[in-house]
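Visitor: what follows is a predicted structure for the sequence shown.
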Amino acid sequence: MVLKLVKIGLPLFVVAFLAWVIFAPPQRVGYAPEQPIAYSHALHAGKHGMDCQYCHTGVAVNKKAGVPSLNICMNCHAYGTMGYSGGKLSPEIAKLKKYYEEKKSPEWIRVHNLPDHVRFAHAPHIKALLKEGAPTKEACVPCHGQVEQMVVVSQVMPLNMGFCVNCHRDYRNAHEYRNRGVAVSCNFCHY
Ligand code: HEC
Ligand code: HEC
Ligand code: HEC
Ligand code: HEC
Ligand code: HEC
């Protein structure tokens, strides 16, 4: 009797549990915290067409894309009248210069964040997703949306398990990726 209950109950439990994991509602979509300096991707990467890798130098070679140090900002903002209008320094650039002179880094608030039990690295994704000759930003769109149009960065994709697994399944089934080792087994993405 007990054994029979376990026999029926356990698979039911496993199925329900997996369904919950896969369809768990995306909690962070729309998260767009205000940052310590009002840095705008729409202005820099959009209007001025800066490449993502100018600042996110790790994205195609490391696990982390990384957030740039203020030295990179000062390549432009240390000089001239950039950030002045009508002879007055913009308050946001004044903040930037103050951080820089005090050798402090702004505490940027993380927007995208996976739990620690998930394995994720940028480099292999960018290498697979970036088509030759295409601008870097195209390889970011599947997971971050059109960041070059964002004044404030916002999470637009769920980045939950179903989201990751769906893309892996499509790639695994796609002709050119069939033997590339993109997998959907649990230990592929979990420690
Ligand atoms: C001039 C430097 C610069 C360029 C160019 C740039 N970024 Fe950023 N990026 C930053 C800074 C600074 C932050 C942290 C502040 C923020 O979130 O706005 C950031 C944050 C981000 C985040 C959020 C990180 C998190 O906390 O989860 C994403 C995603 C991102 N950038 C993607 C891109 C993409 C895609 C491009 C190219 C279209 C790009 N960035 C171009 C400087 C830059
Ligand atoms: C390649 C050059 C370049 C780099 C690098 C750069 N910026 Fe800018 N930034 C600009 C330009 C051009 C403008 C527009 C200036 C204007 O309209 O007067 C601007 C404008 C800004 C403004 C808006 C100023 C205002 O009027 O309020 C902020 C804030 C800013 N940048 C912050 C940053 C930060 C933070 C970084 C580093 C993560 C950075 N910038 C890196 C070129 C750059
Ligand atoms: C396959 C999905 C995917 C792609 C493609 C992708 N990212 Fe990410 N990105 C993530 C995830 C997931 C995180 C959160 C990682 C974590 O919490 O460890 C993240 C975090 C970031 C961060 C925060 C800092 C960091 O390194 O963790 C930045 C900046 C960023 N991505 C920039 C980019 C840029 C620029 C591109 C395109 C060149 C890009 N990403 C492409 C999924 C992706
Ligand atoms: C847009 C499609 C896409 C999405 C979304 C995606 N991946 Fe991938 N992922 C790939 C491809 C393609 C590869 C194979 C790269 C290669 O050729 O080695 C890969 C490889 C991997 C690898 C193995 C890379 C290595 O270290 O060798 C891990 C781990 C991984 N993905 C985790 C994740 C996680 C976690 C998420 C969700 C946050 C995710 N992926 C979302 C397409 C995607
Ligand atoms: C392609 C990558 C990928 C694969 C393959 C994968 N997972 Fe996940 N898993 C994730 C991500 C990403 C999260 C974090 C989801 C979130 O934060 O919403 C997650 C979360 C979880 C959680 C925690 C649920 C929660 O809501 O916190 C469990 C349990 C889990 N996975 C089990 C599994 C099992 C069992 C398998 C094999 C059948 C598996 N995973 C395969 C990416 C993956």
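Guide: That came through fine. Ligands and ions are numbered 1, 2, ... in the order given.

Visitor: how about the residues of this protein that lie near ligand 1?
Guide: 35, 39, 41, 44-45, 50, 52, 54-56, 67-68, 108, 110-112, 137, 140, 144, 147-148, 153 (C-beta under 6 Å from any ligand atom). Every C-beta, even on glycine, is put in place using the N, C-alpha and C of the backbone.

Visitor: can you tell me which of those are up against ligand 2?
Guide: Within the residues of the chain next to ligand 1, those near ligand 2 by C-beta under 6 Å from any ligand atom are Y39, H44, M50, C55, P68.

Visitor: can I get these in JSON lines with secondary structure?
Guide: Below are those laid out as JSON lines (DSSP: H, G, I helix; E, B strand; the rest coil):
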{"residue": "Y39", "secondary structure": "coil"}
{"residue": "H44", "secondary structure": "helix"}
{"residue": "M50", "secondary structure": "coil"}
{"residue": "C55", "secondary structure": "helix"}
{"residue": "P68", "secondary structure": "coil"}
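
Visitor: tell me the two of the residues you listed that are most distant?
Guide: Pairwise distances across these peak at 11.7 Å for Y39 and M50 (criterion: C-beta to C-beta).

Visitor: the more surrounded of the two?
Guide: Y39 (19 against 16; other C-beta atoms under 10 Å).

Visitor: if any of the residues of the chain next to ligand 1 are buried, put those into a PyMOL selection.
Guide: Those of those that count as buried under 16 or more other C-beta atoms under 10 Å are selected in PyMOL with:
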select buried, resi 39+41+44+45+50+52+55+56+137+140+144+147+148+153
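
Visitor: outside of stretch 37-52, which residues touch it?
Guide: Outside stretch 37-52, the residues that touch it by C-beta atoms under 8 Å, 6 or more residues apart in numbering are 59, 92, 95-96, 99, 106, 135-137, 140, 147-153.

Visitor: show the average pLDDT along that stretch.
Guide: The pLDDT scores in stretch 37-52 average 97.
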